[in-house]
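Peer 1: here is my input, please return the structure:
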Amino acid sequence: MPSRRLRRARSRTKRLAGLVAAAALILVGCDSGGTPHSDDGRQQLTVAALPLTDSAALYLARDRGLFAKEGLDVRIQTVQQSIQALPALLKGQVDVIASANYVTYFQAYEKGTLDLL
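Peer 2: Got it, this is the predicted structure:
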């Protein structure tokens, strides 16, 4: 029988994966209709993610099929720094950046290179 600590860790992982899935769904719900769909009709979503444990829930949700169950085809593009993903976000090459340092967004906004509004 799993220890209480292990059960709590699994529960947290499931909640975090659920939150990531919910966030992705909210973002897709804000879509203006221009997001492409895969051959099987699922909406495609490209997520830039840092190779950190903070992104683990994103990978778990994808690997466990949580996104697919909601009609999403989530593709994860690994980036080494969140600042590297901003040009791709601005060009529409990625739809969202996961686990990024929010300071990066504020700096880009202040420089005028990212419109957050």
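
Peer 1: beyond the helix or strand that residue 56 is a member of, next helix or strand please.
Peer 2: Following DSSP states H and E, the helix or strand that holds residue 56 is helix 56-63. Sequence-wise, the next helix or strand downstream of helix 56-63 (DSSP H and E) is helix 66-69.

Peer 1: how many neighbours does residue 71 have?
Peer 2: Counted with other CB atoms under 10 Å, residues neighbouring residue 71 total 14. Every C-beta, even on glycine, is put in place using the N, C-alpha and C of the backbone.

Peer 1: so the residue nearest to it when sequence neighbours are not counted versus residue 58, what's the distance?
Peer 2: The shortest distance from residue 71 to any non-neighbouring residue, by CB to CB, 6 or more residues apart in numbering, is to residue 42 (5.1 Å). Distance, residue 42 to residue 58, by CB to CB, to the nearest Å: 17 Å.

Peer 1: then residue 49?
Peer 2: The gap separating residue 49 from residue 58 is 6 Å, by CB to CB.

Peer 1: got any residues that touch both of those two?
Peer 2: Residues touching both residue 49 and residue 58 (CB atoms under 8 Å, 6 or more residues apart in numbering) are 76, 98, 99.

Peer 1: so which of the residues you listed comes closest to residue 83?
Peer 2: Distances from residue 83 to these, taken as CB to CB, are shortest for residue 99 (13.2 Å).

Peer 1: before we move on, back to that, isn't the residue nearest to residue 71 up against residue 75?
Peer 2: No. In this structure, residue 42 is not within contact of residue 75 by CB atoms under 8 Å, at 11.1 Å.

Peer 1: give me the three-state assignment for residue 74.
Peer 2: At residue 74 the chain is in strand, as set by DSSP: H, G, I helix; E, B strand; the rest coil.

Peer 1: partner residues bridging the nearest residue to residue 62 once chain neighbours are set aside?
Peer 2: What sits nearest to residue 62 in space, not counting adjacent residues and going by CB to CB, 6+ apart, is residue 74, at 5.2 Å. On the basis of DSSP bridges, residue 74 is bridged to residue 45.

Peer 1: and the strands in the protein?
Peer 2: Taking DSSP state E as the test, the strands found in the chain are 43-49, 72-78, 96-98.
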